[in-house]
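A.B. asks: sequence and predicted model, in that order:
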Amino acid sequence: MKAFILTIGLTFAGMDMPTPEIKLPKDQWVALPQTHFCHATTGQAAPQLTHVQLKYDDQYLYVKFDCTQNPFVHQNTYNDHNTEMWNQEVFELFIAEGTATPTRYLELEINPNNALFVGWIDNPSGAPPANLEFVAHEKAQIGHQVCITKDAWAGQVQIPWVVLGGKKENFRLNFFRIISLKSHPEPNWKGTSADCAYLCWNSTLSGPTPRFHRPAAFGLLHLQ
């Protein structure tokens, strides 16, 4: 089943932008119809396919993802939780309760090595974050798993509602993906806009420099 997606207008950075709105039935996996994430800089759809499915019950929000066309997936070297994994390839979820543009939200990242990053972001200005508060891996109790193939990777995260402050009716959220576009033989490589793609479910339209932390661009999730 596909998620029911509406589009409403929100204004950020002086522009009226369409914002996706998801209505998610309980206990049903639904697939986002957008299978091509968009570049953070321009909003142009990327050629790589990214499949995302959502489900929820009384205890958890579940997210499945499938990242295809990832030819350098085996070159990711971050293995420890709550490290600077965004320097390489990751799948990310930013989420906060309510319908207003959030000033504080949870950032969750997972990489092809099944390392997890969880932290609360304070971002009152909608610009670069003002503060990061890590959530210890043991405390978060987020289930996560990853499977890698030759040139793709897929995974699932199981997020307890308690981590998000409880199950609410409405959330703001966005999904992101970083893809390496060239070989990085050095183990401590760090991606740049010259050699990686920085993709969003709903583009942040950040201009020349890719930026994910623009909460006005978050979509809306309604639990039914």
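C.D. replies: Perfect, thanks for sending it. Numbering: from 1, shown residues only.
A.B. asks: make it CA atoms for all contacts and neighbour counts henceforth
C.D. replies: Will do.
A.B. asks: quick one: buried residues of stretch 45-64?
C.D. replies: 45-46, 48-56, 60-64 (16 or more other Cα atoms under 10 Å).
A.B. asks: ok, and what's touching that stretch?
C.D. replies: 24-32, 34-39, 65-69, 154-162, 167, 199 (Cα atoms under 8 Å, 6 or more residues apart in numbering).
A.B. asks: picking that back up, just the ones of the buried residues of stretch 45-64 in helices?
C.D. replies: Using DSSP state H, no member of those falls in helices.
A.B. asks: which of those residues lies closest to His184?
C.D. replies: Gln48 (19.2 Å; Cα to Cα).
A.B. asks: confidence score at that closest one?
C.D. replies: You'll see Gln48 listed with a pLDDT of 98.
A.B. asks: same question for Lys182.
C.D. replies: The model's pLDDT for Lys182 equals 97.
A.B. asks: re earlier: which PyMOL command selects the buried ones in the contacts of stretch 45-64?
C.D. replies: Command for PyMOL, covering only those of the contacts of stretch 45-64 found buried under the criterion 16+ other Cα under 10 Å:
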select buried, resi 24+25+29+30+31+32+34+35+36+37+38+39+65+66+67+68+69+154+155+156+157+158+159+160+161+167+199
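A.B. asks: picking that back up, in strands, which of the buried residues of stretch 45-64 appear?
C.D. replies: Under the assignment DSSP state E, those contribute Thr50, His51, Val52, Gln53, Leu54, Lys55, Tyr56, Tyr60, Leu61, Tyr62, Val63, Lys64 to strands.
A.B. asks: which two in the residues you listed are spaced the farthest apart?
C.D. replies: The span of those, defined through Cα to Cα, is set by Thr50 and Tyr60 at 22.4 Å.
A.B. asks: follow-up on the earlier one: so which of the ones in strands among the buried residues of stretch 45-64 comes closest to Asn76?
C.D. replies: Closest to Asn76, out of all of those and judged by Cα to Cα, is Thr50, at 18.5 Å.
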